[in-house]
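**Q** Have a look; sequence and predicted model below, questions after that.
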Amino acid sequence: MKYNKERLSQIRINYSFLPLNKKMVEHKFLSKLSQNLLEILDDEEYYDIKIEVGKDPYVKVFRAHMVILYYRSPYLRRVLSTRSNDGNLAHIKLPNILPEIFQIILR
């Protein structure tokens, strides 16, 4: 089959199979990473710290990951860096904060 120049100019190329541009790829990656971090916060299995928040009768225990808390909060970084690392599950108490507020901080 022969193609002439006029016929070639009428052909439409579908570019949807080509990789997205860099910004779109980065956005998609960061969006997925954010979703993964939220899933980690809800993970009830692989946590390494329990945080008891509030005062009786309004106490709530949060399960979390020290490495995430360490990088998200300068206050928790100080608290966590002063505790001894004996290999056991960490447990800290924060009685002067409402559980609802701490939930927002975690997110």
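**A** Nice, I can see it.
**Q** Let me see the backbone angles for the residue nearest to the spatial centre of the chain.
**A** Nearest to the geometric centre of the chain sits Leu37, at 1.9 Å (CA atoms, centre = their mean). Backbone torsions for Leu37, taken as degrees, to the nearest 10, come to phi -60, psi -40.
**Q** Over to the one 4 residues further on?
**A** The phi and psi torsions at Leu41 (degrees, to the nearest 10) take the values phi -60, psi -30.
**Q** list the contacts for the spatially closest residue to it that is not a sequence neighbour?
**A** Computed as CB to CB, 6 or more residues apart in numbering, the closest residue to Leu41 that is not its neighbour in sequence is Leu106, at 5.9 Å. Quick note: C-beta positions are derived from backbone N, CA and C, even for glycine. By CB atoms under 8 Å, 6 or more residues apart in numbering, the contact list for Leu106 reads 41, 62, 64.
**Q** what do you get for Ser81?
**A** Contact analysis of Ser81 by CB under 8 Å, 6+ apart lists Tyr70.
**Q** so it is in which element?
**A** helix 74-82 (DSSP states H and E).
**Q** Give me the buried positions along that helix.
**A** Neighbour-count burial for helix 74-82 flags 76, 79-80 (criterion: 16 or more other CB atoms under 10 Å).
**Q** And for stretch 55-64?
**A** With burial defined by 16+ other CB under 10 Å, the residues of stretch 55-64 counted as buried are 62-64.
**Q** now, which of these sits nearest Ile51?
**A** Nearest to Ile51 among the buried residues of stretch 55-64 is Phe62, at 4.6 Å by CB to CB.
**Q** which residue packs closest to that closest one, ignoring adjacent ones?
**A** The shortest distance from Phe62 to any non-neighbouring residue, by CB to CB, 6+ apart, is to Ile51 (4.6 Å).
**Q** Before we move on, what's the pLDDT of the one you found?
**A** The model reports Ile51 with a pLDDT of 93.
**Q** all strands of this protein, in order?
**A** If DSSP state E is used as the criterion, the strands of the chain fall at 49-53, 60-64, 90-94.
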